[in-house]
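>>> The following comprises the amino acid sequence and a computationally predicted model.
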Amino acid sequence: SPSTEPTNTSAPPPTDAAGAAEGASAAARDPAPPTLRRGDKGSEVVELELRLAQLGLYTREAGGSYNEGVEDAVTRYQWARGVQPEEYGVYDLATRERLESETTEP
C-alpha cells in the first residue's frame, strides 16, 4: 500500500513539539495514536468499540471501557485479518490501521 508519509520533506517537524502542535491542524496531530489495552478508558475506546460493532464483532453498548469483551473482539479481529500483534487483544498501531481502513469514523 502507498505510504501515508507527507511527500514534502523540506520542512521537518520540530523535534521538541511537546505541545506546540496543540490544535494547530488535524495533520499536526500526534503521529502515533495510543496503543489501547484492557483497563483503558475514554473516547478512544468508544471509537474502537463502535468500529468493531460496524464489523459485527462487538455487540455490547459502547461504554468507553476496554474490558474483556473489547479485548475478545480485538483478538477475534486480529485472528480474522491475520494481524500478528506482539500481544493479542491489544489495539496496537498495526491493528488500528487495518481496522480504520475498513470502517468509517463513528
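Received it, and whenever you're ready, just let me know what you need. Bear in mind that the values here come from a model prediction, so they are computed numbers and not experimental data.
>>> Could you tell me how many residues sit around the nearest residue to residue 60 once chain neighbours are set aside?
Distance criterion CB to CB, 6 or more residues apart in numbering; nearest residue to residue 60, sequence neighbours excluded, is residue 69 at 5.4 Å. In short, each C-beta sits where N, CA and C put it, glycine included. Neighbours of residue 69 under the rule other CB atoms under 10 Å: 16.
>>> Residue 69 belongs to a helix, doesn't it?
Yes. Residue 69 forms part of a helix when assessed by DSSP: H, G, I helix; E, B strand; the rest coil.
>>> Now do the residue lying closest to residue 102 once chain neighbours are set aside, the pLDDT please.
Excluding the flanking residues, the one nearest residue 102 by CB to CB, 6+ apart is residue 55, at 7.4 Å. If you check residue 55, the pLDDT there is 97.
>>> Over to residue 33?
pLDDT at residue 33 comes out at 87.
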